[in-house]
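Novice: Give the three-dimensional model of this entry:
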Amino acid sequence: MQGVININGKICSPEEATIPVLDHGFLYGDSVYETLRTYRRKPFLFGKHFARLEHSAQALHLSLPWNHQKMLDETRRTIEASKDGSELRIRIVVTRGVGELNLDPSSCASPNVVIMVTPLPELPGWVFEKGARVIISSVHRIAQFGGAKTGNLVRQVLAFQEAQAVGAYEAILLRPDGAISDGISSNIYIIKGSTLLTPSHDSGIVEGITRSVVLQLARRQGLNVIERVLNRTDLDGAEEMFLTSTTRGVVPITQVDNLTIGNGKPGLSTLRLIEAFRREVEALLAED
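Specialist: Residues are numbered from 1 along each chain as shown. I've put the predicted structure just below:
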């Protein structure tokens, strides 16, 4: 594994990085996390990601040991320690810390902070030229407590295995009642005419940072944005689909299981949003 890791302020190689096995983040998934990326080696939209990390921590009654500025400083220091010139994926994890071999969080003395910085692979060109094929996973999305992003990701792991087994780019998870939630690590959108449909907050989604940016861009482009509970029948007649995520931006979807979306090619509105998002990234970087 390439990259560098910061554990409680100490930067080391992945081979040197260790966390005690009695950390409740390891034992019980009692941790929160954020994934972000760099553009021009700068952490993108760090403030929004940190705010969501705070929200996740509050939902788990977990006190973050570092404030916004300290977390940003340590993230920048970890980026600087990565010597290759590529763009980077950043994962920030805050665990409950070392405690007794039981579920009682009060036995944990103090949280551990881990910042992982690794090279971010470039997306293959065909994703934008042909669009991605996704599947509907058999794994149901169960909303995280309080909308928190926690270390309990076994459902996403199983959904990823399903997608990988059939060569799909991503899997869409449904709620137990059949409503569309989101992807393994992405948000999902359907376009019909001038209307953009996307699962609402009460669909069990994790509201992505990129999602909020793209919805603003869609409204600027004149699309009628509707956030509501969607079902599989909403896929019928879809002219375009796409997904968004922090590390991938906007990615067109042209097939869901055996259903071809539109004419089987990335749609015009999606392509416009891809370009608009790229311009927005440049504008936000210029303000930073």
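Novice: Can you show me the strands along the stretch 101-250 of the chain?
Specialist: 112-119, 132-140, 170-174, 180-183, 187-192, 195-199, 224-228, 240-245, 249-256 (DSSP state E, counting those that start in this stretch).
Novice: Just give me the neighbour total for residue 67.
Specialist: 11 (other Cβ atoms under 10 Å). Every residue, glycine included, has its C-beta placed from N, CA and C.
Novice: circling back: can you redo the strands of the stretch 101-250 of the chain as TSV with distance to residue 92 and mean pLDDT?
Specialist: TSV is the format used below for the strands of the stretch 101-250 of the chain (distance: least, Cβ to Cβ, whole Å; pLDDT from 0 to 100):
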stretch	distance to residue 92	mean pLDDT
strand 112-119	5	97
strand 132-140	25	97
strand 170-174	23	97
strand 180-183	21	96
strand 187-192	20	98
strand 195-199	25	98
strand 224-228	27	98
strand 240-245	16	98
strand 249-256	20	98
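Novice: Any chance of TSV for those, columns mean neighbour count?
Specialist: Formatted as TSV, these follow (neighbours: other Cβ atoms under 10 Å):
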stretch	mean neighbour count
strand 112-119	20
strand 132-140	19
strand 170-174	24
strand 180-183	25
strand 187-192	23
strand 195-199	21
strand 224-228	14
strand 240-245	26
strand 249-256	22
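Novice: Export those as CSV, with columns for distance to residue 72.
Specialist: CSV is the format used below for the strands of the stretch 101-250 of the chain (distance: least, Cβ to Cβ, whole Å):
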stretch, distance to residue 72
strand 112-119, 11
strand 132-140, 33
strand 170-174, 30
strand 180-183, 27
strand 187-192, 25
strand 195-199, 30
strand 224-228, 30
strand 240-245, 22
strand 249-256, 22
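Novice: Please identify which of those is closest to residue 206.
Specialist: strand 180-183 (6.4 Å; Cβ to Cβ).
Novice: what's near enough to touch the spatially most central residue of the chain?
Specialist: Residue closest to the average C-alpha location in the chain (Cα atoms, centre = their mean): residue 185, at 4.6 Å. Neighbour list for residue 185: 35, 156, 245, 247 [criterion: Cβ atoms under 8 Å, 6 or more residues apart in numbering].
Novice: Could you verify that residue 86 is part of a helix?
Specialist: No - residue state for residue 86 (DSSP: H, G, I helix; E, B strand; the rest coil) corresponds to coil; a helix is not indicated.
Novice: And the helices in this protein?
Specialist: 24-28, 46-59, 68-81, 126-130, 154-165, 209-220, 268-287 (DSSP state H).
Novice: Rounded mean pLDDT for the fourth one, please.
Specialist: Helix 126-130 shows a mean pLDDT of 94 in the predicted model.
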